[in-house]
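Engineer: Predicted model and sequence below, questions to follow.
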Amino acid sequence: MRLFTSPRAPNPRRVLMFLHEKGITGIDFVPVDLNAGEHKAAAYRAKVPVARVPALELDDGRCLSETRAICTYLEGLHPAPNLMGEGFDERAFIEMHDRRVEWYWLLPIANGVRHTHPGLAELEQPQFPEFGHAQGARVRESARWLDDTLAAQPWIAGERFTIADITAFCALEFAKLMKFNPGAEGFAALQAWRDRVAERPSAQAW
């Protein structure tokens, strides 16, 4: 299998952390230069028509894109250690937390960075700085919700580390580009959780 990736972007990093947490090896990494527009080239669009990374090319030639779909496939191939839930009940609640993090945390962070950071001007045409700056308020609203959650439990989805923590961590690290620092803004539980995740080998590998 081959993984098309761009590690500095949050979604590819989510898959890379997921692989590392599971100890999965034997997948070839194919770097995609987003700034050079390689994800929009005809050869890549033939595999991934939506022109996004990451994408996992299977041994039979099919391509699987979308971060969570890739992780679901890999979890099926390598069930342990479990990161997405044992049984339908736990899977549903972990997915709920992961989706919340995707939509209400990662998305406003991505919008904020993509529309305000000069280094992403080439990728986001046109940029809308006012919209990007407005996303900062949404980021902080979600930070409060996450901070309250992590003050009551050790991990995003409950008592153990899961894919939801990977998603939230990669989003928070990307938020450095919008100068968001949870500890400096009074989100102590979120900062403490971030520091614990940062100590994991999967967080340090990329």
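Structural biologist: Ah, there it is. Numbers count the residues shown, from 1 in each chain.
Engineer: per-domain residue ranges of the protein.
Structural biologist: 2-77, 87-204 (automatic domain parsing).
Engineer: Reformat those as TSV; add mean pLDDT and mean neighbour count.
Structural biologist: For every residue, glycine as well, the C-beta is placed using N, CA and C. Below are the domains of the chain laid out as TSV (pLDDT from 0 to 100; neighbours: other CB atoms under 10 Å):
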stretch	mean pLDDT	mean neighbour count
domain 2-77	96	16
domain 87-204	94	17
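Engineer: Now do the phi/psi pair for the residue with the largest distance to the centre of the chain.
Structural biologist: Residue distances from the centre of the chain (CA atoms, centre = their mean) peak at residue 60, which lies 26.4 Å from the mean C-alpha position. When quoted as degrees, to the nearest 10, the phi and psi of residue 60 stand at phi -90, psi 0.
Engineer: Contact partners for it?
Structural biologist: Taking CB atoms under 8 Å, 6 or more residues apart in numbering, we find residue 60 in contact with no residue.
Engineer: doesn't residue 23 make contact with residue 201?
Structural biologist: No: contact criterion CB atoms under 8 Å: residue 201 and residue 23 do not qualify, at 10.1 Å.
Engineer: top helix in this protein by residue count?
Structural biologist: Looking across the chain with DSSP state H, the single longest helix is helix 129-152.
Engineer: tilt between the helix or strand following that one and helix 129-152?
Structural biologist: Sequence order places helix 163-174 as the next helix or strand after helix 129-152, per DSSP states H and E. For helix 163-174 against helix 129-152, the angle by axes from the mean of the first three to the mean of the last three CA atoms, to 10 degrees is 130 degrees.
Engineer: Residue 110 and residue 56, how far apart?
Structural biologist: 21 Å (CB to CB, to the nearest Å).
Engineer: Kindly report the same for residue 155.
Structural biologist: Applying CB to CB, the value for residue 155 to residue 56 is 26 Å.
Engineer: Before I go, just wanted to say thanks for your time.
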